[in-house]
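**Student:** Please work out how this folds:
(one chain, ligands or ions: 2)
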Amino acid sequence: MEEKHKNFDKFKVGSLPTLMYIPEFIAQNEQTILMNHINGAPLSKWKSLKNRRLQNWGGVVHEKGLLPQELPPWLTKVTQKICEESGLFPAPINHVLINEYLPNQGIMPHQDGPAYFPVVAILSLGSPVVMDFIPHTRFTEKSFEEEGAFETGRDKCLNDRRPFSVLLMPRSLLIFKDAAYSDYLHGIKDAEIQCFDGVVNEVEAQNQLELEFAPSQELKNIHRTANRISLTCRLVLKVHKNLFKF
Ligand SMILES: O=C(O)CCC(=O)C(=O)O
Ligand SMILES: [Fe+2]
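**Tutor:** Ligands and ions are numbered 1, 2, ... in the order given. The predicted structure is shown next:
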């Protein structure tokens with residue numbers, strides 16, 4: 001476990017110690033297989049929201065825990081790889097949310113629910129996008145001034161919380177945990193053209209970007225010409241074996 005964890009240390013990006021970006025985590029053919037399974041699911045498996053649609057795998061997440069449903073083998077193949085290679089999950093991943101976004105769709109800044117173990121692994125397929133991390137208002141200077149909470153030490157630590165963005169290329173894995181999970185909201189803009197200038201993983205994403213997407217170099221923009229599909233893989237520690245325990 002210890003050694004595996006160290007393997008992912010080299011993928012840390014940005015100034016937070018708890019954000020990792022792994023380029024090309026899966027191969028092209030694995031992406032195709034996953035896409036085929038996702039697109040081959042019955043229409044009733046999709047839940048349509050105003051700005052995206054999603055498939056829920058692994059069961060229903062309640063405030064008090066998970067009412068589990070076994071993950072299909074095509075998903076455990078990837079969740080097991082994430083668990084093994086990251087060494088960051090204390091038990092097998094048991095919940096996967098699949099989001100599909102059209103080129104002009106995104107997701108509002110939000111924090112993931114309290115039922116999950118605070119490590120998120122997001123596998124991206126299809127079109128690249130930029131994900132923004134925005135510090136919680138309790139970490140912005142304004143709210144501190146209002147609260148009169150400027151103290152040395154504590155103040156310094158909390159003011160390190162600055163907004164940042166990550167470019168999520170297809171087949172990449174993003175992992176965030178601890179402070180990146182609890183002190184920030186994450187979201188994706190509803191825009192077909194997104195600027196990746198200054199993203200924390202510009203270097204790590206560059207190779208693939210140039211090879212596959214030839215972005216406009218001066219503006220550092222990506223054009224989302226295809227849909228994006230993401231697999232948000234998480235662990236709910238509290239699992240209800242029995243429906244009647246609720
Ligand atoms: O699509 C993504 O990359 C993010 C999804 C997300 O944040 C979520 O499902 O909670
Ligand atoms: Fe989320």
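
**Student:** Show the model's pLDDT score for residue 38.
**Tutor:** The model reports residue 38 with a pLDDT of 98.

**Student:** didn't it look like it was pressed against residue 98?
**Tutor:** Yes - taking C-beta atoms under 8 Å as the definition, residue 38 is a contact partner of residue 98 at 5.8 Å. Quick note: C-beta positions are derived from backbone N, CA and C, even for glycine.

**Student:** shared neighbours, these two?
**Tutor:** Each of 55, 229 lies in contact with both residue 38 and residue 98 under the rule C-beta atoms under 8 Å, 6 or more residues apart in numbering.

**Student:** Could you check which of the two has the larger neighbour count?
**Tutor:** Neighbour totals were compared for residue 38 and residue 98, and residue 98 leads with 23 against 19 (other C-beta atoms under 10 Å).

**Student:** Now that one: closest residue in space, sequence neighbours ignored.
**Tutor:** residue 55 (4.2 Å; C-beta to C-beta, 6 or more residues apart in numbering).

**Student:** got it, and residue 135?
**Tutor:** Using C-beta to C-beta, 6+ apart and skipping residues adjacent in sequence, the residue nearest residue 135 is residue 161, 3.8 Å away.

**Student:** again, but for residue 46
**Tutor:** Nearest non-adjacent residue to residue 46 (C-beta to C-beta, 6+ apart): residue 53, at 4.8 Å.

**Student:** For this protein, what lies in contact range of ligand 1?
**Tutor:** Contact residues (C-beta under 6 Å from any ligand atom) of the chain with ligand 1: 97, 99, 107, 112, 122, 186, 230, 232.

**Student:** I'd say residue 24 and residue 204 touch.
**Tutor:** No - using C-beta under 8 Å, residue 24 makes no contact with residue 204, being 10.1 Å away.

**Student:** So between these two, which is more surrounded?
**Tutor:** Per other C-beta under 10 Å, whichever of residue 24 and residue 204 has more neighbours is residue 204, with 19 against 14.

**Student:** measure residue 102 to residue 228 for me?
**Tutor:** Distance of residue 102 to residue 228, given as C-beta to C-beta, to the nearest Å: 9 Å.
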